[in-house]
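# Below are the sequence and a predicted model; questions follow.
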Amino acid sequence: MGSGNASWVLSLLCVWAVLLGCTTAQTQYGTRFVIAIPFAFGDDTGSVFTTSNFRVILSNNGTTPITVSMKQNGTPMPDQSVAGLGSTVVHLSSDNMLQPGDLLSHERTIELTTPSPSTFGVLVQGTNAYDGYMAIPVAQWGTEYRVVTHCRGEGSVCQMVILAQEDNTEVTVHLPAENNGFSVDDHNPGAYHAAETVPVRVLQRHQAWVINRTFEMTGARVVSNINVGVLAGAQWTNYKGSGGAVTEQLPPVTVLGQEYVSVGPGTMRGVATEPDTTIHSSDFSPVLLELVGQWDQAAFDRPVYFRANRPLLAVQFGRMNMDESSPGYPVFFILTPILQFWGPGNVTILPEPAFPKQHLMVVTREKHRPGVFINDTSLLSYEKHNVTRSVYTVSTVVHQQDVKVAMQGGAWDVMALYVLGCSADGVFAAPLAARYDVINPPKNCTTTEQQKAGDTVDNDCDGLVDEDDCDSGAGGIDCKLPDTSK
């Protein structure tokens, strides 16, 4: 089934918050964003999405009007005025969609700046679903990431996109062996792809580097000399019979935590950022991830609390549909570490008109439920699910109108919020009200002897990894994998 007449929607999720109390926390609210629209297939036969219209919604979290400046490839676009506690729609053409194939592109990224903090979430919808992502401000980007993708089913293609915000940004990508995960049922039977270090790329301001593979890239490592943004997911994938494109903007390693609560049902995937990482949960046996970048996953039919002894990248896969008669579409979103829960303050959520079925998932401690209000109604009035062997609860709020979530109290770990939307031809899922404080400072680097080519260690402490072409006789101790294609 082709999708040449697919009707796309790209929107910047209308969400804003007025912070009360501590204002030093790093959140998804900022003044500068760089966004991109990852490439997507229209179906599992490789048909490409084509369209003539995108919709960009800019939201204002303040009570006074603001001006949003937009640039494409450094070229100014018309400024946009956004009313206090309001939103503005900007239409773009489909030429903004990135193209696949290990390419550097600088015509299709968009930089947005505002004089006061704002929040943007990017949603891309077609006839077949394109799950959206919540943009992370440039100030919260990092120099090291672990990647998670999802490749399953006929025609699936995994994808990552690296965004540069400054000139001369040197980026190295280390792709793991495909069987690096324990969950081999997610891989094509008999397929094996050896570990690969992609040659260093130098990106300039506004450039996007697109990398796509027909196999899992979960566990890949991205390192750079200047902070970058990383998007990851799939141009097309299948989750439990639901096909579509998925994407998320990944948080850097420095903000990842060790404790999480899923919002179930779905599949949780955890990626190790340090060796000898053990994941514990009351719902499954402990899992040991011996290697950095190794991963495992577990399916569950209810919210689950889990913890690790080392920082972990945790995501949730699922699917949403309008009714049980349709398979729906896959969704993929980053789980917020408990140490990065948000509060106190107010969050106002504008419903997306294209999605008549929307859910707000509220994760909070039992003791904080009396202090959380949904449109002036206590969270105590909403049905909750007690998370087994933990102090946390998950409440679901179905909303068709503006929703104001108010949090009282002095703690900065009140709750995590997720919004999920569904229509007859698309879905989206995104985390809200998360913090991005640095809780895993970079380890002090120590110069080491070269142990093995492609060991993903910064042996010479220059901020780059495996950049030396030792086989050519050029010298160096940070050796890359030999080029076997010659």
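Happy to help now that I have it. Numbers count the residues shown, from 1 in each chain.

# Quick check: what element follows the strand ranked longest in the chain along the chain?
As assigned by DSSP state E, the longest strand anywhere in the chain is strand 221-239. Once strand 221-239 ends, the next helix or strand along the chain (criterion: DSSP states H and E) is strand 242-249.

# sorry, back to before: mind listing what the longest strand of the chain pairs with, with the direction of each?
Here strand 221-239 is paired, per DSSP bridges, with strand 142-146 (antiparallel), strand 157-164 (antiparallel), strand 169-175 (antiparallel), strand 242-249 (antiparallel).

# And those strands: which comes nearest L58?
strand 242-249 (17.2 Å; Cβ to Cβ). All C-beta atoms are positioned from the backbone trio N, CA, C, and that covers glycine.

# follow-up on the earlier one: I279: which of the strands paired with strand 221-239 is closest?
strand 142-146 (14.4 Å).

# Now do that closest one: distance to the chain's middle.
13 Å (Cα atoms, centre = their mean, to the nearest Å).

# Give me the contacts around that strand.
If you take Cβ atoms under 8 Å, 6 or more residues apart in numbering as the criterion, strand 142-146 is touched by 219-228, 230, 250-255, 271-273, 293, 313, 442, 463.

# Give me the buried subset of these.
219-228, 230, 250-255, 271-273, 293, 313, 463 (16 or more other Cβ atoms under 10 Å).

# on that earlier part again, with distance to I37, mean pLDDT and mean neighbour count as added columns, please give the strands paired with strand 221-239 in TSV.
Shown next, in TSV, are the strands paired with strand 221-239 (distance: least, Cβ to Cβ, whole Å; pLDDT from 0 to 100; neighbours: other Cβ atoms under 10 Å):
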stretch	distance to I37	mean pLDDT	mean neighbour count
strand 142-146	20	94	23
strand 157-164	9	92	25
strand 169-175	20	91	22
strand 242-249	9	84	26
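
# From R302, how far out is Q72?
According to Cβ to Cβ, to the nearest Å, Q72 stands 44 Å off from R302.

# err, I279, not the other one
From I279 to R302 the distance is 18 Å (Cβ to Cβ).

# Quick check on those two: which one has the bigger neighbour count.
The neighbour comparison of I279 against R302 (other Cβ atoms under 10 Å) goes to I279, with 25 against 15.

# Show me what the closest residue to I338 other than its chain neighbours bridges to in the sheet.
Leaving aside its sequence neighbours, I338 sits nearest to E259 (Cβ to Cβ, 6 or more residues apart in numbering; 4.2 Å). Note on E259: beta-bridge partners by DSSP bridges are R307.

# ok, E259 - contacts?
Applying Cβ under 8 Å, 6+ apart, one finds that E259 lies in contact with 305-308, 337-339.

# tell me which helix or strand of this structure sits lowest on mean pLDDT?
strand 15-19 (a mean of 32; mean pLDDT, DSSP states H and E).

# Which SSE is immediately downstream of that one?
Using DSSP H and E, the first helix or strand after strand 15-19 is strand 30-35.

# Any idea how far that next one is from the middle of the chain?
So, by Cα atoms, centre = their mean, the centroid of strand 30-35 is 15 Å from its chain's centroid.

# again, but for stretch 201-208
20 Å.

# Give me the buried stretch members for it, please.
201, 203, 205-208.

# from these, which ones fall inside strands?
Those of the buried residues of stretch 201-208 lying in strands (DSSP E): 201, 203, 208.

# What residues does the first one make contact with?
Okay, so that is R201. Per Cβ under 8 Å, 6+ apart, neighbours of R201: 104, 170-171, 209.

# If we use 10 Å, what do you get?
102, 104, 162, 164, 169-173, 207, 209, 211, 224 (Cβ atoms under 10 Å, 6 or more residues apart in numbering).

# Likewise for the second one?
With contacts defined as Cβ under 10 Å, 6+ apart, L203 is in contact with 104, 106, 162-171, 209, 224, 226, 228.

# Okay, and the beta partners of the residue lying closest to it once chain neighbours are set aside?
Nearest residue to L203, sequence neighbours excluded (Cβ to Cβ, 6+ apart): A164, at 3.6 Å. On the basis of DSSP bridges, A164 is bridged to V228.

# i'd like the first residue to be 540 from this point on
All set: I'll call the first residue 540, so the last point we hit is now A703.

# separation between A703 and A837?
Counting by Cβ to Cβ, the gap from A703 to A837 is 35 Å.

# try N914
For N914, the distance to A837 - Cβ to Cβ - is 35 Å.

# what does V936 give?
From V936 across to A837, the span is 26 Å (Cβ to Cβ).
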